[in-house]
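Student: build the 3D model from these lines:
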Amino acid sequence: MSIFEALMLVCFGLSWPVAIAKTIRTRQVAGKSRLFLTVICAGYLCGILHKLLHSPDWIMALYILNLLMVATDLFLVVHFRKNTTAGESR
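Tutor: Numbers count the residues shown, from 1 in each chain. The predicted structure is shown next:
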């Protein structure tokens, strides 16, 4: 277990609830990249896989929590972008 790995995940994880709340509140996703969020999800999945295969410990919970938050933000981006596009075509 590395305290620095845990601190990194906590620091990264603090920003996602703020981003999710802003997206829900404003319903605006301009400037958010689906590709970027997908790459971040892939990174967290790689971290989880590493933990499962080489060094399982409690830090894996932080990877999973962060992955769930980024996946939520990605879902909101797809959802609100779809609604925005549908609304503009009327």
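Student: which residues of this structure score low on pLDDT?
Tutor: 85-90 (pLDDT under 70).
Student: just give me the residue closest to the centre of it.
Tutor: With distances taken as CA atoms, centre = their mean, V70 lies nearest the centre of the chain, 1.1 Å away.
Student: that residue: which element?
Tutor: Assigned by DSSP states H and E, V70 belongs to helix 59-88.
Student: and that helix, how far out from the chain's middle?
Tutor: Centroid displacement of helix 59-88 relative to its chain, using CA atoms, centre = their mean, to the nearest Å, is 7 Å.
Student: ok, now stretch 26-34?
Tutor: Distance, stretch centre to chain centre, for stretch 26-34: 13 Å (CA atoms, centre = their mean).
Student: can you give me the buried ones in it?
Tutor: Of all the residues in stretch 26-34, those buried under the rule 16 or more other CB atoms under 10 Å are 29, 32. Just so you know, the C-beta spots here come from the backbone N, C-alpha and C atoms, and that holds for glycine as well.
Student: flag every buried residue along the host helix or strand of L14.
Tutor: Assessed by DSSP H and E, L14 sits inside helix 3-26. Neighbour counts using 16+ other CB under 10 Å place 5, 9, 12, 16, 19-20, 23 of helix 3-26 among the buried residues.
Student: what is the most widely separated pair among these?
Tutor: Farthest pair in the buried residues of helix 3-26 (CB to CB) is E5 and T23. Separation: 27.5 Å.
Student: and the angle for whatever helix or strand comes next after the helix holding L14 with helix 59-88?
Tutor: Per DSSP H and E, the first helix or strand lying C-terminal to helix 3-26 is helix 34-53. What separates the directions of helix 34-53 and helix 59-88 is an angle of 160 degrees, with axes from the mean of the first three to the mean of the last three CA atoms, to 10 degrees.
Student: does D57 really touch M1, like I thought?
Tutor: Yes: under the criterion of CB atoms under 8 Å, D57 makes contact with M1 at 4.8 Å.
Student: which of the two has more neighbours?
Tutor: Neighbour count, other CB atoms under 10 Å: between D57 and M1, D57 has more, with 11 against 8.
Student: show me the contacts for L49.
Tutor: L49 sits next to no residue when contact means CB atoms under 8 Å, 6 or more residues apart in numbering.
Student: appreciated, that's everything.
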